[in-house]
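[1] no sequence on this one, just coordinates:
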């Protein structure tokens, strides 16, 4: 027999949370995701990271595109911009260039990022804009109720692929590594504490950091990217993985059947803002 | 032609790509501006960078203000007979055709320009190539030899030419300048003994007139100048003809001035980043042409919905699709005014001359900030690329007003989209304490949270807030010219075509037709009251536009519920004064006048 546990009442729990200060970054709007959605972990992870890094609410801008993930900014008590489908990175680029003192977090799902928004990623990466791009990858279009996405597996049945998906999925990590992203990592929504730590690391990086977060869609995917399947396959990158070795990162990223979690690659190079300052110096003839 | 006092000469230089045609025209117009003349100049060149396409540089030099190129040139200079022959007809009676009379090869039947010169035109043949080769050991200085010849023909001040030549080649080795001066002097010598055009007045211009203060500017240069003087902070652009030179100018000027300049991966990114930068509180802009604007349409809607100030300059070219990239047209009006999903009214300004490009571009930031919405400055290739002398006395007028910070409310319930008396809401920008909020392309309540029920109220707010824009201080929204009171014919126009409209109006008046013209600069929201007052005064309304569908006429008819006469041409060229004048005569009940053929439009292709 389990020993008796005192029930925790919601009001008391909320008091506790308020007193803790942890939820200070969250707005009064409650998330609208399905119960069990991986995105709750990510909201919690970003909350943790912002608190850990002690960034003032007023200095944070959360920018999103369109999709389930893109409701993200409404749930934070920071500045936010819910933009258009696929256009999170160019809008975030404008915000960051306008005011380099801001902490810019771009968020979106796999459709927003790799389908309609795919053309913007290489340019944000190669320019090394100092922002963090969190892509919540569940391999499906959830907001439009379950169509195939660029990261859906071959053979996946959805409402738009009733006779199975035949398109080979993209490999987002390989893409970002070859695009010249200066920080590339992968996390899993089922590992909430590690996820929070990875978001913190991504945000601590000076430059363009890309974190792919594997996340089940509990409503429209009962077969592929489920917690049960992902729990079986995900594992940490080896302890001795060299984050400065691009080829080693590529090698690790190519192992798609057993996704490894952790920091794949990290490179310290000038950010866009630093490059623009250097341009201004050259233009003024003082450099 | 209309009688203007003083000087009014138009010179057309025609050659093949690589002949230095455009460079020659450039020196001519700059020298003329330095002499104190008013100058309007427009170059036509092929889309290919290298090859054998036709280039024409037309320069109109006048001592009084002129508003467009003339229908007929006074002088045609041929650097390439094959290209110049179709333009002989554009030279007026008793005008000059200058050409090389030294045959260097067997010319096929009809291949030499001398065989095409009309009896009433005056041929000026001389050995252009030979003189060039004698002066500089090269045929490449033919384009400078002709300038010397021209200076002699019209007795224009030589020193002004020499100064511009020296300036133009200042960054090249000294020998290049020396050779060009030698070529110019050789041209002078060649022209010294010839018969002068005796019906051309070259009036010495008072140095206190435009004098050395006048600046030669293109429409695109004026846009960039307006942006810089308004303190533009962020520019995002993607190359597209004919808007590219705005981007190129800002790429040079913004970094040393502390501005942020970025060439983006496409037009969607360009406006997206500009909207991001506008949201973050900076003066941000982009510039494009019709195809780019089509890509930007969805983002314009976001700018309207999220109420973000941003400035978009659109230089139209022939369309649809890739269309006619190096030819002018006014066919993106619908897209600029209506483009995008939903009811998304924005502000659209269409300057009518180079000075207007400067004013509208500079003022656009202030308007965008006042009404918290995208502002489009709609120009076209003809305006982008043509040169005019602009007197800079009106400059330095767009200083940014300091932001008045709002008091923080701190409770996370800042009403960014508050429904207020004047429908303009308080605006905070990221980094400001206690005013955090999220903006969105979703319909939203006063707090910015997604909400469908409030859609009618918010639609009302977004449209009503723009209405006072037609009275925006420091901006000419519409203006009437010509006869006062009741008139027979009123010409209503917008954009670059208004120059030709004004010239037409003066010609019609000179013919005794009671005539007025109105330019409309703000195309959205439309200054309906002033247009209605104009309609009330005119028996007939004519709307000439360089588009097929009569896009402005459609808007005006829709707004006023009254019919208009339309004149629509899409020849890839500016509309000819003669064509507008013919319509004015018809509407006024006057019989068409027979005169010189309307060759300009056709030839300008």
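    Thanks, I have the structure now. Just so it is clear, the model here is predicted, and its values are computed rather than measured.
[2] Sheet-wise, list the partners of whichever helix or strand residue A:213 is part of with their directions.
    Assigned by DSSP states H and E, residue A:213 belongs to strand A:209-214. According to DSSP bridges, strand A:209-214 forms sheet pairs with strand A:132-137 (parallel), strand A:183-188 (parallel).
[3] neighbouring contacts of it?
    Here strand A:209-214 makes contact (CB atoms under 8 Å, 6 or more residues apart in numbering or on different chains) with A:38, A:42, A:125, A:131-138, A:172-173, A:176, A:181-189, A:195, A:198-199, A:202-203, A:225, A:230, A:234, A:259. In short, each C-beta sits where N, CA and C put it, glycine included.
[4] follow-up on the earlier one: so which of the strands paired with strand A:209-214 comes closest to residue B:351?
    Between residue B:351 and these, the shortest gap by CB to CB is with strand A:132-137, which sits at 39.9 Å.
[5] residue contacts, the residue of the stretch 151-300 of chain B found nearest chain A?
    For the stretch 151-300 of chain B, the residue closest to chain A is residue B:276, as judged by CB to the nearest CB, at 2.5 Å. Contact analysis of residue B:276 by CB under 8 Å, 6+ apart lists A:63, A:81, A:90, A:91, A:92, A:93, A:94, A:95, A:96, A:97, A:98.
[6] In TSV, list these along with pLDDT.
    Listed next are the contacts of residue B:276 as TSV, based on pLDDT from 0 to 100:
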residue	pLDDT
A:63	98
A:81	98
A:90	98
A:91	98
A:92	98
A:93	98
A:94	98
A:95	98
A:96	98
A:97	98
A:98	98
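[7] All the helices of the stretch 1-150 of chain A, in order from the start?
    A:10-20, A:39-52, A:88-98, A:110, A:121-127 (DSSP state H, counting those that start in this stretch).
[8] For the fourth one, the averaged confidence score.
    Per-residue pLDDT values over helix A:110 give a mean of 96.
[9] would JSON lines of the contacts of residue B:276 with distance to residue B:267 be doable?
    Listed next are the contacts of residue B:276 as JSON lines, based on distance: CB to CB, whole Å:
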{"residue": "A:63", "distance to residue B:267": "19"}
{"residue": "A:81", "distance to residue B:267": "19"}
{"residue": "A:90", "distance to residue B:267": "10"}
{"residue": "A:91", "distance to residue B:267": "14"}
{"residue": "A:92", "distance to residue B:267": "17"}
{"residue": "A:93", "distance to residue B:267": "14"}
{"residue": "A:94", "distance to residue B:267": "14"}
{"residue": "A:95", "distance to residue B:267": "19"}
{"residue": "A:96", "distance to residue B:267": "20"}
{"residue": "A:97", "distance to residue B:267": "17"}
{"residue": "A:98", "distance to residue B:267": "19"}
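[10] Show me the two of these that sit farthest apart.
    Maximum pairwise distance among the contacts of residue B:276 (CB to CB): 14.0 Å, between A:81 and A:97.
[11] in the chain, which segments are predicted with low confidence?
    Since no chain was named, I'll use chain A. Within chain A, the set of residues satisfying pLDDT under 70 comprises A:1-3, A:7-8, A:21-23, A:286-287.
[12] look at chain B instead
    Scanning chain B for pLDDT under 70 picks out the ranges B:1-5, B:48-51, B:103-105, B:204-213, B:392-396, B:402, B:410-412, B:591-605.
[13] Compute the number of surrounding residues for residue 125.
    Let's take chain A. The number of residues packed near residue A:125 is 25, by other CB atoms under 10 Å in any protein chain shown.
[14] That was the other one, I meant chain B.
    Using other CB under 10 Å, residue B:125 has 17 other residues around it.
[15] and if you look at residue B:353?
    By other CB under 10 Å, 24 other residues sit near residue B:353.
[16] what sits against the residue in the stretch 351-500 of chain B that chain A sits nearest to?
    Using CB to the nearest CB, the single residue of the stretch 351-500 of chain B nearest to chain A is residue B:438, 3.2 Å away. Residues counted as contacts of residue B:438 (CB under 8 Å, 6+ apart) are A:27, A:62, A:73, A:74, A:76, A:79, A:80, A:81, A:82, B:448, B:449.
[17] 6 Å - rerun?
    A:73, A:74, A:80, B:448 (CB atoms under 6 Å, 6 or more residues apart in numbering or on different chains).
[18] which residues in the stretch 101-250 of chain B form helices?
    In the stretch 101-250 of chain B, the segments counted as helices under DSSP H, counting those that start in this stretch are B:128-136, B:142-154, B:158-168, B:174-192, B:219-229, B:244-253.
[19] what would those helices look like in CSV with distance to residue B:458?
    Shown next, in CSV, are the helices of the stretch 101-250 of chain B (distance: least, CB to CB, whole Å):
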stretch, distance to residue B:458
helix B:128-136, 68
helix B:142-154, 60
helix B:158-168, 55
helix B:174-192, 63
helix B:219-229, 31
helix B:244-253, 34
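[20] can I get these in CSV with mean neighbour count and distance to chain A?
    Formatted as CSV, the helices of the stretch 101-250 of chain B follow (neighbours: other CB atoms under 10 Å in any protein chain shown; distance: least, CB to the nearest CB, whole Å):
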stretch, mean neighbour count, distance to chain A
helix B:128-136, 21, 34
helix B:142-154, 26, 32
helix B:158-168, 17, 20
helix B:174-192, 19, 23
helix B:219-229, 26, 14
helix B:244-253, 19, 8
